[in-house]
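# Here is a sequence together with a model predicted from it:
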Amino acid sequence: MDRKEAVPVRYEAVIGLEVHAQMLTDTKIFCGCSTTFGSDPNTQTCPVCIGMPGVLPVLNSRALEFAVRTGLATNCSISSYSRFARKNYFYPDLPKGYQISQFEHPICEHGFIDIDVDGQSKRIGITRIHMEEDAGKNIHDGAGSYSLVDLNRTGVPLMEIVSEPDLRGPKEASEYMKKLRAILRYLGVCDGNMEQGSLRCDANVSVRPAGQKEFGTRAEIKNINSFRFVEKAIEYEIKRQIRIVSGGGKVIQETRLWDSGTGITESMRSKEEAHDYRYFPEPDLVPIIPEDSWIEGIRSSLPELPDQKISRFVSEMGLPKYDASLIAEERQLADWFEEAVRAGGQPKSVSNWIMGDLMRFLNEDNRSVSECPVKPGQLADMLKLVDMGTISGKIAKTVFEEMYRTGKAPDTIVKEKGLVQISDSSEIEKAIDDILSKSPNEVERFRGGDEKLLGFFVGQVMKTMKGKANPQLLNDILKKKLAAVD
């Protein structure tokens, strides 16, 4: 009797992200202590944020505004009734023994973000956005004999942005994080600095046989602090769970830590449920009942967001979507681009220089565009010199680098270094004649059909003329000379 081979089961991942974004307020969420990063330990604390008896929290209205701005920008509904709750658990960096958060009544719900993955658009739902206070930081002694606690971060205002389980792979998760970070930075509500911990991500990952509707058992991965690690941690966890399930085992619901050094996730503790925290309404803070007029005022103040900029750059300026997406990823870069265009630069030319030399120099020096020595108007002026034939595109590379290194205007650099393009046909013709007379074998090969040698002749003439020959004029004269050689 024939035996049919078992068909391997194909699995798919189900991923949801919980993103913690530190709000860019000057003071903490329930007291007046500073939120400045990097201060000496325990110098930014007061009786409220360290949980002394008898003190009362007062909500920072700026934090509430930032949460609502984020909700509106991510297509959420703003709750007409919202309130805080106490999340009870014990940990040394939580001085009150509970965290003030939101549970049953978050400030924002039911939103979405659209992402692009491999040229395809996908909508990722946002379950909720709620406000909460951050905990402190445990500092562990290298010898392992004791730990210290820094409470400067305690009470720093956070938004937790919880996605629906709509993500199906590491790349989608990374793109969602990038899009969310861009929106937060455009809004000015979070600086998005993942290295300093102002944007942190926990990933809930499960696997199931393809086509199955029911979710598998999920594991939560903590301690992910870069886009690359988001992809790597989720990729590892998917493979780990598939290995367990396909081998007949069961995935345990737990919290796991991502170890970027080893590239694996490790078990931390069993996964808590909401009832483990014994949530109950925070008695010291009144409910939040925002007025419609206040919400609409915030809505009207929202800036043009990344997707809107991309659409405008494509439709009004004729940029390819790839260019528009890269430039619109950072608001400062998009503003720099637009200023250069307003100063007279052609959009595609400006885009090419931004994505090429400008970003290369900035990345090499670890600078942001706000620190760029080249002003948008200077790039536009340099492009005008190219368009007028004053300098060639090749010389423009030299000019731009000097602009970046010195901050000087392009016309000043061209004059100081004698870089004006040579468009005198007789001077170019003389240089061509000299090169052709020295290269009889190459001339013969060219006439015999080896047309690739045209580049050789152009290069030799350019070398002789120190790159100053007008490229179009050089090519025209050279082709005529080569055709006329006996």
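The structure has been received and is ready for your questions.

# can you tell me how far the residue nearest to Arg128 when sequence neighbours are not counted sits from Ile221?
Nearest residue to Arg128 in three dimensions, chain neighbours excluded: Pro106, at 4.3 Å (C-beta to C-beta, 6 or more residues apart in numbering). Glycine gets a C-beta too; all of them are placed from N, C-alpha and C. Separation of Pro106 from Ile221 (C-beta to C-beta, to the nearest Å) stands at 23 Å.

# What of Val251?
From Val251 across to Ile221, the span is 13 Å (C-beta to C-beta).

# Helices of the stretch 201-350 of the chain, residue ranges please.
According to DSSP state H, counting those that start in this stretch, the stretch 201-350 of the chain carries its helices in the segments 227-246, 292-300, 306-317, 321-328, 331-342, 347-353.

# Make TSV out of the ones you listed and add distance to Leu180.
Listed next are the helices of the stretch 201-350 of the chain as TSV, based on distance: least, C-beta to C-beta, whole Å:
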stretch	distance to Leu180
helix 227-246	11
helix 292-300	19
helix 306-317	10
helix 321-328	15
helix 331-342	14
helix 347-353	25
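
# Kindly list the main-chain dihedrals of Gly125?
Gly125 has phi and psi values of phi -70, psi 150 when expressed as degrees, to the nearest 10.

# show me the contacts for it.
By C-beta atoms under 8 Å, 6 or more residues apart in numbering, the residues touching Gly125 are 110-112, 163-164, 166.

# quick one: pLDDT of it?
Looking at Gly125, its pLDDT stands at 98.

# can you check Asp26 too?
On pLDDT, Asp26 comes in at 96.

# and if you look at Lys480?
pLDDT, Lys480: 82.

# For the residue nearest to Phe361 when sequence neighbours are not counted, pull up the helix or strand it's in.
Leaving aside its chain neighbours, Phe361 sits nearest to Tyr404 (5.0 Å; criterion: C-beta to C-beta, 6+ apart). Assigned by DSSP states H and E, Tyr404 belongs to helix 393-406.

# what do you get for Gln99?
Assessed by DSSP H and E, Gln99 sits inside strand 98-101.

# Can you list the strands that that strand pairs with?
With DSSP bridges as the test, strand 98-101 is paired with strand 85-88 (antiparallel).

# What residues of the partner strand count as buried?
Buried residues in strand 85-88, defined by neighbour count with 16 or more other C-beta atoms under 10 Å: 85-87.

# Ok, stretch 284-304 next?
Counting neighbours by 16+ other C-beta under 10 Å, one finds that the buried residues in stretch 284-304 are 285, 288, 290, 298.

# Could you check the pLDDT of the first one?
In this model, Leu285 is scored at 96, pLDDT.

# Would you confirm that it contacts Phe84?
Yes: contact criterion C-beta atoms under 8 Å: Leu285 and Phe84 qualify, at 4.7 Å.

# shared neighbours, those two?
If you check Leu285 and Phe84 against C-beta under 8 Å, 6+ apart, the residues they both contact are Ile100.

# sorry, back to before: got a list of contacts for the helix holding Tyr404?
Outside helix 393-406, the residues that touch it by C-beta under 8 Å, 6+ apart are 353, 357-358, 361, 372-374, 378-379, 382-383, 385-386, 391, 408-410, 413-414, 417, 419, 421, 462, 467-468, 471.

# got any ranges where the stretch 51-200 of the chain has weak pLDDT?
Counting by pLDDT under 70, the stretch 51-200 of the chain contains low-confidence ranges at 142-144.

# sorry, back to before: cross the contacts of helix 393-406 against helices and list the overlap.
Under the assignment DSSP state H, the contacts of helix 393-406 contribute 353, 361, 378-379, 382-383, 385-386, 410, 413-414, 417, 462, 471 to helices.

# who wins for most neighbours among those?
Among those, the one with the most neighbours (other C-beta atoms under 10 Å) is Leu379, at 29 neighbours.

# Excluding covalently adjacent residues, which one is nearest to that one?
Nearest non-adjacent residue to Leu379, counting by C-beta to C-beta, 6+ apart: Ala340, 5.0 Å away.

# tell me the pLDDT at that neighbour?
So, for Ala340, pLDDT stands at 97.

# I'd say Ile288 and Ser82 touch.
Yes: using C-beta under 8 Å, Ile288 is in contact with Ser82, at 4.2 Å.

# For the two, list the residues in contact with both.
Common neighbours of Ile288 and Ser82, using C-beta under 8 Å, 6+ apart, are Ile107.

# follow-up on the earlier one: please determine how far the residue nearest to Phe361 is located from Ala469.
From Tyr404 over to Ala469 the distance is 25 Å, taken as C-beta to C-beta.

# Between those two, which has more neighbouring residues?
The residue with more neighbours, out of Tyr404 and Ala469, is Ala469; 27 against 20, by other C-beta under 10 Å.

# Look up how far Asp307 lies from that one.
Per C-beta to C-beta, Ala469 is found 45 Å from Asp307.

# Equivalent analysis for Asp26, please.
According to C-beta to C-beta, Asp26 stands 30 Å off from Asp307.

# if we can go back for a sec, tabulate the contacts of Gly125 in a markdown table, adding columns for distance to Glu172 and secondary structure.
Output for the contacts of Gly125, formatted as a markdown table (distance: C-beta to C-beta, whole Å; DSSP: H, G, I helix; E, B strand; the rest coil):
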| residue | distance to Glu172 | secondary structure |
| --- | --- | --- |
| His110 | 20 | strand |
| Gly111 | 17 | strand |
| Phe112 | 14 | strand |
| Ser163 | 10 | strand |
| Glu164 | 12 | coil |
| Asp166 | 8 | coil |
